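K.L.:
Attaching a predicted model along with its sequence, questions to come.
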Amino acid sequence: MKDVQVVAVCDVERETGGYISTVWDRGEVKKHCGREPARKMVNEHYAKDRGVSSYKGCRAYVDYRELLDNEDVDAVLVATPDHTHAVISMAALKKGCHLFCEKPLSYTIHEARELVNAAREAGVATQLGNHGQADERDRITREYIMDGAIGHVREVHVKVGPRWWDAPKGPPVGRPPVPKGLDWDLWLGPAPEVPYHPDYHPWNWRDYRGFGTSELGDIGCHRLSTIFKALKLEHPISAEGEWEEIHPDIYPRKFKVTFEFPQRGELPPVTLIWFDEGYEAPRPKDLEEKRTFKQGNVFYGDEGTMLNHMLIPHAKAKARGLPPKILPRSPGHHREWIDACRGGPPAGADIVKHAGLLTETPLLGNIALTTDKKLHWDGPNLTITNDKAANAQVHREYRKGWSL
């Protein structure tokens, strides 16, 4: 973007391989990543853009706190593992920086709520990294429901396909040395101290309970965003998990979580069920036999069914046509945030208005996957009312020397 200048990058990793590319369906491994490759990329971009032989205007830092102390930055983008989202984002907000944070907003529900409060107080522009919220399909889905195409929605199924990378079988074995150029202590941040292992960094941390937030945290803020907006959902009142395997250190791969949402004004209660790998969602009866159903969001209304942004069966969609265009279209997920930084309207995944509450729900689901009972959730007061052990997971104690 021509009106944005990248002045600094920060990474606890100097340079290494093993990072997975964003071609998720193929799982390709890219070349080296880390702060030095990032700085080189930025400098080469601006040299080419300005028609000069070299450019050295981008600084590289190991510690985000040093960056925030030394650089006069307007905005910060946080794209670290889940367990450090909150502490870095909070530090940026306290400096008065506009904030873009990758999903989920935080590792714990308590952190999400604290970041919402801090963002509201700071009055800055914020955006979560759930890019699909800016998509045209999001608008069509919401407009169909606003137009009454399927009547009141009472149940939603979220069907998620299997991951393409292998699940860890257990805790890492052995204690290999920390690679040169990696600050492992800073990588851990507020998380409990464990020895370095390549099973954690740079990829499989998302499967481990100490660092990641499972498939719910990884994909939940993507898949649930349109549902929350379309149905005007707020706090669920309960969450109940089911799974086929369990490990104290590793999230289950095969699981299902059921959330219940209360009535909102004239809108009826909604049951939302997340079907992950190993749990097959019922095939919508209105879906033609020849059409595949591998994954997607299914909205069940009093007067019909939608699969993602499409009315089903196809004959109904064809007869009705697209809904009236009521909602404003997005200029692009990142562009929304930059425009908001420049005084424009809040971005579509603004933390205060949408993304904080959105993040809390999948994180509640993760807690439900640690107990065999239905958890009753008092969202406004941030409390699981019927299980003290589960309620203790709403936040966790930080490692010594760390605070939010």
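P.N.:
Arrived safely. Numbers count the residues shown, from 1 in each chain.

K.L.:
Relative to its centre, which residue of the chain is most distant?
P.N.:
Distance to the chain centre peaks in the chain at residue 53, reaching 39.0 Å (criterion: C-alpha atoms, centre = their mean).

K.L.:
Please name the nearest non-neighbouring residue to that residue.
P.N.:
residue 47 (6.7 Å; C-beta to C-beta, 6 or more residues apart in numbering). Using the backbone N, CA and C atoms, a C-beta is placed for each residue, glycine as well.

K.L.:
Confirm that the one you found lies within a strand, as I assumed.
P.N.:
No - Residue 47 is assigned helix when assessed by DSSP: H, G, I helix; E, B strand; the rest coil, not a strand.

K.L.:
show me what contacts it?
P.N.:
53-55 (C-beta atoms under 8 Å, 6 or more residues apart in numbering).

K.L.:
repeat for residue 370
P.N.:
241, 390, 393.

K.L.:
same thing with residue 78?
P.N.:
85, 88-89, 92, 99-102.

K.L.:
Which two among those residues are spaced furthest apart?
P.N.:
92 and 102 (13.1 Å; C-beta to C-beta).

K.L.:
So for these two, which residue has more residues nearby?
P.N.:
Taking other C-beta atoms under 10 Å, residue 92 and residue 102 do not tie; residue 92 has more neighbours (27 against 18).

K.L.:
Could you pull out the buried residues of the helix or strand containing the more buried one?
P.N.:
In this structure, residue 92 sits in helix 85-94 according to DSSP states H and E. Applying a neighbour-count criterion of 16 or more other C-beta atoms under 10 Å, the buried positions in helix 85-94 are 85-93.

K.L.:
With stretch 355-363 instead?
P.N.:
355-363.

K.L.:
Throw those residues into a markdown table and include distance to residue 257 and secondary structure, thanks.
P.N.:
Listed next are the buried residues of stretch 355-363 as a markdown table, based on distance: C-beta to C-beta, whole Å; DSSP: H, G, I helix; E, B strand; the rest coil:
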| residue | distance to residue 257 | secondary structure |
| --- | --- | --- |
| 355 | 20 | helix |
| 356 | 20 | helix |
| 357 | 17 | helix |
| 358 | 15 | helix |
| 359 | 15 | helix |
| 360 | 14 | helix |
| 361 | 10 | helix |
| 362 | 8 | helix |
| 363 | 11 | helix |
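
K.L.:
Would you reformat the residues you listed as a markdown table and include distance to residue 137 and pLDDT?
P.N.:
Output for the buried residues of stretch 355-363, formatted as a markdown table (distance: C-beta to C-beta, whole Å; pLDDT from 0 to 100):
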| residue | distance to residue 137 | pLDDT |
| --- | --- | --- |
| 355 | 19 | 98 |
| 356 | 24 | 98 |
| 357 | 22 | 97 |
| 358 | 17 | 98 |
| 359 | 21 | 98 |
| 360 | 24 | 98 |
| 361 | 21 | 98 |
| 362 | 20 | 98 |
| 363 | 25 | 98 |
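
K.L.:
Could I get the buried residue list for stretch 70-81?
P.N.:
For stretch 70-81, by 16+ other C-beta under 10 Å, it's 73, 75-78, 80-81.

K.L.:
Apologies, that question was intended for stretch 302-315.
P.N.:
Buried, per 16+ other C-beta under 10 Å, within stretch 302-315: 304-307, 309-313.

K.L.:
and that stretch, how far from the chain's centre?
P.N.:
Using C-alpha atoms, centre = their mean, to the nearest Å, the mean C-alpha position of stretch 302-315 is found 27 Å from that of the whole chain.

K.L.:
For it, output the C-alpha coordinates as CSV.
P.N.:
C-alpha atoms of stretch 302-315 as CSV (Å, rounded to 0.1, in the frame of the first residue of the first chain):
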residue,chain,number,x,y,z
ASP,A,302,-37.9,-22.2,9.7
GLU,A,303,-38.4,-21.7,5.9
GLY,A,304,-35.3,-23.2,4.3
THR,A,305,-31.7,-24.1,4.4
MET,A,306,-28.4,-22.3,3.4
LEU,A,307,-25.0,-23.9,2.7
ASN,A,308,-22.5,-21.1,3.2
HIS,A,309,-23.8,-18.2,1.1
MET,A,310,-26.0,-20.4,-1.1
LEU,A,311,-29.7,-21.3,-0.8
ILE,A,312,-30.4,-25.0,-1.3
PRO,A,313,-31.6,-26.7,-3.3
HIS,A,314,-30.3,-25.0,-6.4
ALA,A,315,-33.8,-24.6,-7.8
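
K.L.:
what does it rub up against?
P.N.:
Against stretch 302-315 from outside (C-beta under 8 Å, 6+ apart): 137-138, 140-141, 144-145, 148-152, 154, 284-288, 293, 296-299, 316-317, 320.

K.L.:
secondary structure class for residue 194?
P.N.:
When classified by three-state DSSP, residue 194 comes out as coil.

K.L.:
Contact partners for the nearest residue to it once chain neighbours are set aside?
P.N.:
Excluding its sequence neighbours, the residue lying closest to residue 194 (C-beta to C-beta, 6+ apart) is residue 210, at 6.8 Å. Contacts for residue 210 were tallied using C-beta under 8 Å, 6+ apart; they are 83, 191-192, 194, 249.

K.L.:
Over to residue 164. Which of the three states is it?
P.N.:
coil.

K.L.:
Can you tell me how far it is from residue 104?
P.N.:
When distance is defined by C-beta to C-beta, to the nearest Å, residue 164 is 21 Å away from residue 104.

K.L.:
Leaving out sequence neighbours, find the closest residue to residue 271.
P.N.:
Using C-beta to C-beta, 6+ apart, the nearest residue to residue 271 is residue 155, at 4.8 Å.

K.L.:
Which parts of this protein are strands?
P.N.:
8-10, 59-61, 75-78, 98-101, 126-128, 153-159, 238-243, 255-261, 270-275, 296-301, 304-307, 310-312, 375-378, 383-384 (DSSP state E).

K.L.:
among these, which is nearest residue 350?
P.N.:
Per C-beta to C-beta, nearest to residue 350 of the strands of the chain: strand 126-128, 5.4 Å.
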